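A.B. asks: next comes the sequence, and after it the predicted model I'd like to discuss.
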Amino acid sequence: MRPGSTGRLVGVLVATLVALLLQVTVLPPLAWTVGDLGVVPDLVLLVVVATALASDTRFATLTGFFAGLLLDLAPPADHIAGRWALALMAVGYVVGRLVHDNAGDLGAGSRFEREGVRRSPLVVMVAAAAGGSFLGTSVFALTGLFLGDSAASVGQLLPVALVALVLDVIAALVAIPTVHWLFRRLTSDPSSQRVERMRARA
């Protein structure tokens, strides 16, 4: 495995675990109440979106599956395991395909990397967060209805999805750049970092 690939894998693991811990411990008391449900920013979903922006579609899809599975199993999960895995896998695939097909691959060796763009453009980041949030929340909610495993009524689904979208877009302004910074730190070549520091001093 190449050093960059190892760093990317470590970055995804660290980002996913930190996001999961924050999502299940820190955010629930701050939840926005919609009907009988509390809605919080989905930080794990945003890690998947950030991965889709910064790497290839296949890696983002696998990240979505395993991140979603962790979310399915993390307490206090009260739903059938696999629903978040399916939802976040769809997010990783769809966001990755749409971004890379329309804006060029954002990963190493891509047009964005060759032109020296260090992070995703703001418009792309916001659109990816909004689209990923709506898709992930919708897939999770619809699978709950299909399996008879949903605490929300049909009438609550749209308000919940819209509130989740707004919260996710706001959180994305911090979460996605942070994940991208972590990826750069863990995948960059130490020698190139020294060159950049020398240029900055000169």
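C.D. replies: That came in fine, so what should we check first? Not measured: the values here are computed from a predicted model.
A.B. asks: going by C-alpha atoms from here, please, whenever you check contacts or count neighbours.
C.D. replies: Noted.
A.B. asks: touching, residue 58 and residue 93? I think so.
C.D. replies: Yes: the pair residue 58 and residue 93 passes the contact test of C-alpha atoms under 8 Å, sitting 7.1 Å apart.
A.B. asks: between these two, which one's more packed in?
C.D. replies: residue 93 (24 against 15; other C-alpha atoms under 10 Å).
A.B. asks: mind telling me what element the residue nearest to the more buried one when sequence neighbours are not counted is part of?
C.D. replies: Once flanking residues are discounted, residue 93 sits nearest to residue 61: 4.9 Å by C-alpha to C-alpha, 6 or more residues apart in numbering. Per DSSP states H and E: residue 61 is located in helix 57-73.
A.B. asks: what's in contact with that helix?
C.D. replies: By C-alpha atoms under 8 Å, 6 or more residues apart in numbering, the surrounding residues in contact with helix 57-73 are 12, 16, 20, 44-45, 48-49, 51-52, 77, 79-93, 96-97, 100.
A.B. asks: what is the top helix by length along the chain packed up against?
C.D. replies: Looking across the chain with DSSP state H, the single longest helix is helix 154-187. Packing partners of helix 154-187 (3 or more C-alpha pairs under 8 Å, 6 or more residues apart in numbering; DSSP states H and E): helix 3-21, strand 32-34, strand 37-39, helix 43-54, helix 122-147.
A.B. asks: nearest to residue 183, out of those?
C.D. replies: For those, distance to residue 183 was read as C-alpha to C-alpha. The smallest value, 5.5 Å, belongs to helix 3-21.
A.B. asks: ok now that closest one, how far from the chain's centre?
C.D. replies: In terms of C-alpha atoms, centre = their mean, to the nearest Å, the centre of helix 3-21 is set 12 Å apart from its chain centre.
A.B. asks: quick one on the thing from earlier: now the longest helix of the chain and helix 43-54, what's the angle there?
C.D. replies: Our comparison of helix 154-187 with helix 43-54, counting by axes from the mean of the first three to the mean of the last three C-alpha atoms, to 10 degrees, yields an angle of 50 degrees.
A.B. asks: retrieve the pLDDT associated with the residue nearest to residue 93.
C.D. replies: Per-residue confidence at residue 61 stands at 96 (pLDDT).
A.B. asks: look at it and say how many residues are nearby.
C.D. replies: Counted with other C-alpha under 10 Å, residues neighbouring residue 61 total 27.
A.B. asks: then residue 55?
C.D. replies: By the measure other C-alpha under 10 Å, the count of residues near residue 55 is 19.
A.B. asks: for stretch 82-95, which positions count as buried?
C.D. replies: 82-95 (16 or more other C-alpha atoms under 10 Å).
A.B. asks: from memory residue 134 sits against residue 163, does it?
C.D. replies: No: Residue 134 sits out of contact with residue 163 when judged by C-alpha under 8 Å, with a separation of 9.8 Å.
A.B. asks: more neighbours: which of the two?
C.D. replies: Here residue 134 and residue 163 are compared on neighbour count by other C-alpha under 10 Å; more neighbours surround residue 134, at 22 against 17.
A.B. asks: please pull out the lowest mean pLDDT helix or strand from this protein.
C.D. replies: For the chain, the helix or strand with the lowest mean confidence is helix 111-114, at a mean of 42 (criterion: mean pLDDT, DSSP states H and E).
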